[in-house]
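Asks: got a structure for you, letters missing:
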């Protein structure tokens, strides 16, 4: 059996789905009851079809099947920065992950040893009750069904008010 697989757009009806990249070709043996296709992207729609072939004959392709891969860990939040520093607070801002690899459900902010969870509509967060002459390290994670790697970390020291 010859198995073909390609990535298709998420928001296109099946009858109009065309391959976004080159086809992946795999060959399965006649006795195989299942076949694993490796190297696919998380949370991505694929079109898969197959046909039988032998030395003397090639069969017609099957109707395509459309399958979405499972969610995976997103790439880290991007471009974390600290601004609007006052005598007791600061504001952090970041950009969403470049590869969400699923539905981002929350962001996790780590400020020194404290953890804050915020919803995905939040890309700005005020850090309150900061102490003078204290060094701070802040970074952010994104979470789907899995947690991303940490964003860039930002270090700042709160001066006297």
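Replies: Right, received. Where do you want to start? In this text, all values refer to a predicted model and were calculated from it rather than measured experimentally. Residues are numbered from 1 along each chain as shown.
Asks: from residue 153, how far off is the closest residue to residue 89 other than its chain neighbours?
Replies: With sequence-adjacent residues excluded and distances taken as Cβ to Cβ, 6 or more residues apart in numbering, residue 89 is closest to residue 128, at 5.1 Å. Backbone N, C-alpha and C define where each C-beta goes, glycine included. Computed as Cβ to Cβ, to the nearest Å, the residue 128 to residue 153 distance reads 20 Å.
Asks: what's the answer for residue 89, then?
Replies: 19 Å.
Asks: equivalent analysis for residue 69, please.
Replies: Distance check for residue 69 against residue 153: by Cβ to Cβ, it reads 31 Å.
Asks: the two - which one has more neighbours?
Replies: The residue with more neighbours, out of residue 69 and residue 153, is residue 69; 16 against 11, by other Cβ atoms under 10 Å.
Asks: quick check, pLDDT for the more buried one.
Replies: At residue 69, the model reports a pLDDT of 95.
Asks: hang on, it packs against residue 39?
Replies: No - at 10.7 Å, residue 69 and residue 39 do not qualify as touching, with contact defined as Cβ atoms under 8 Å.
Asks: and stretch 74-94, how far out from the chain middle?
Replies: 21 Å (Cα atoms, centre = their mean, to the nearest Å).
Asks: next one: stretch 116-125
Replies: With Cα atoms, centre = their mean as the basis, the mean position of stretch 116-125 lies at 17 Å from the chain mean.
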